[in-house]
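> okay, predicted coordinates and the sequence, questions at the end:
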Amino acid sequence: MGLGVLLGLVGVTYALVLGGLMAAAPFLPLTANMEPRESFAVALLVACLAVARSPSSAIALVSELGAQGRFTTAVLSVTVLSPYQP
């Protein structure tokens, strides 16, 4: 039962974040001028980070991909500072 709950939680979180970002992509400054496949790639990355909220997994993902830029800085900032929200 525990594995099913975990998979459900991860799956639902991933699907909701991915779907929400794809629906909002035309209205977001970051993705407004992107092609649909590029918006989808950004949505996949954000959905992955939403599921794996630990700073170490975000840093590992950024390192592995060699990502850099404003979006990467924003994602790392939010991920690292999220445990300190009131």
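Noted; the coordinates are in hand.

> contact partners for T13?
The neighbours of T13, taking C-beta atoms under 8 Å, 6 or more residues apart in numbering as the test, are 47, 50-51. For every residue, glycine as well, the C-beta is placed using N, CA and C.

> just the buried members of these?
Among the contacts of T13, those classed as buried by 16 or more other C-beta atoms under 10 Å are 47, 50.

> adding secondary structure, distance to F40 and pLDDT, write the contacts of T13 out as a markdown table.
Listed next are those as a markdown table, based on DSSP: H, G, I helix; E, B strand; the rest coil; distance: C-beta to C-beta, whole Å; pLDDT from 0 to 100:
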| residue | secondary structure | distance to F40 | pLDDT |
| --- | --- | --- | --- |
| A47 | helix | 10 | 89 |
| A50 | helix | 15 | 81 |
| V51 | helix | 16 | 77 |
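
> between the contacts of T13, which is nearest G11?
Closest approach to G11 among the contacts of T13 (C-beta to C-beta): V51, at 9.0 Å.

> the closest one and V10 touch, don't they?
Yes. If you go by C-beta atoms under 8 Å, V51 and V10 touch, sitting 5.4 Å apart.

> Three-state assignment for P29, please.
coil (DSSP: H, G, I helix; E, B strand; the rest coil).

> neighbours of it, how many?
6 (other C-beta atoms under 10 Å).

> which residues touch it?
Counted by C-beta under 8 Å, 6+ apart, P29 has zero contacts.

> relative to I59, how far out is it?
25 Å (C-beta to C-beta, to the nearest Å).

> list the buried residues of the helix or strand bottoming out on mean pLDDT in the chain.
Least confident helix or strand of the chain, by mean pLDDT, DSSP states H and E, is helix 55-65 with a mean of 74. Buried positions in helix 55-65, judged by neighbour count with 16+ other C-beta under 10 Å: 58, 61-62.

> stretch 14-21 now?
For stretch 14-21, by 16+ other C-beta under 10 Å, it's 17-18, 21.

> residue ranges with poor pLDDT in this structure?
1-9, 52-54, 56-57, 82-86 (pLDDT under 70).

> all helices for this structure, in order.
Remark: helices assigned in the chain by DSSP state H are 2-24, 36-51, 55-65, 70-81.

> which other helices and strands contact the last one?
The reference is to helix 70-81. Other helices and strands packing on helix 70-81, by 3 or more C-beta pairs under 8 Å, 6 or more residues apart in numbering; DSSP states H and E, are helix 36-51, helix 55-65.
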